[in-house]
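Novice: no sequence on hand, only this structure:
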């Protein structure tokens, strides 16, 4: 099975994410990244997938955000499990559940791991997610990883989706980049979007930065 990407416009470029994959979702200060991960989690819950979140912040805040953003109703009871952590040494126990595993913010939770230990963690969850067909989303903050750690994460992930925001002639320009995707594919273009905190809108028109 695969998880549909239910974001109009973006779903024409990446219509789904295959189970058993590890995907990194990266951004700077833009909260669209976390909104996107929650959107995928709600889709998974409605499809009957178990959803596990590993977070560094308050679980009730996350639960409230998911409830507010569930446009067609919250999935049935028991779909969601939230774990608060200050740091991570392994993700294997969470991946064993199957379904969708979302980690926000992965870069903060692994901040003090040496590159070799980070690689060991990622190889472990890759093995588990292949066996259990768990889809893993790792939300990371741009600039938090040291270059070596960032190279390890990108190398061992199956896909990388980046949210960017830059100053343009008409104000802030927001766009997605997909430099690495499943089966070795990539998207060689900027995918522009708008985000108001409640809605992620994709604009497929060409622009000049």
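Specialist: All right, it came through fine. Every value quoted in this text rests on a predicted model; they were computed, and no experiment measured them.

Novice: where exactly do the helices run in the protein?
Specialist: 32-46, 59-69, 92-95, 106-109, 115-132, 147-156 (DSSP state H).

Novice: distance-wise, check residue 109 relative to residue 194.
Specialist: 29 Å (C-beta to C-beta, to the nearest Å). Yep, even glycine has a C-beta here, placed from its N, CA and C like the rest.

Novice: near residue 3, how many other residues are there?
Specialist: The local packing of residue 3 (other C-beta atoms under 10 Å) involves 21 other residues.

Novice: ok, now residue 37?
Specialist: Look at residue 37: counted by other C-beta under 10 Å, it has 20 neighbours.

Novice: sorry, back to before: would you list the helices of the chain in JSON lines and tack on mean pLDDT and distance to residue 78?
Specialist: Shown next, in JSON lines, are these (pLDDT from 0 to 100; distance: least, C-beta to C-beta, whole Å):
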{"stretch": "helix 32-46", "mean pLDDT": "95", "distance to residue 78": "10"}
{"stretch": "helix 59-69", "mean pLDDT": "91", "distance to residue 78": "13"}
{"stretch": "helix 92-95", "mean pLDDT": "95", "distance to residue 78": "16"}
{"stretch": "helix 106-109", "mean pLDDT": "96", "distance to residue 78": "25"}
{"stretch": "helix 115-132", "mean pLDDT": "97", "distance to residue 78": "18"}
{"stretch": "helix 147-156", "mean pLDDT": "96", "distance to residue 78": "31"}
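
Novice: returning to that earlier point: looking at residue 109 and residue 194, which has the bigger crowd around it?
Specialist: Set residue 109 next to residue 194 and count neighbours by other C-beta under 10 Å: residue 109 wins out with 21 against 13.

Novice: with adjacent residues omitted, what lies nearest to the more buried one?
Specialist: Leaving aside its chain neighbours, residue 109 sits nearest to residue 88 (4.4 Å; criterion: C-beta to C-beta, 6 or more residues apart in numbering).

Novice: so where's this protein shaky on pLDDT?
Specialist: Residue ranges of the chain with pLDDT under 70: 72-74, 76, 206-209.

Novice: now do 90
Specialist: Residue ranges of the chain with pLDDT under 90: 1, 29-30, 57-58, 67-68, 70-78, 105, 166-173, 183-188, 196-198, 203-209.
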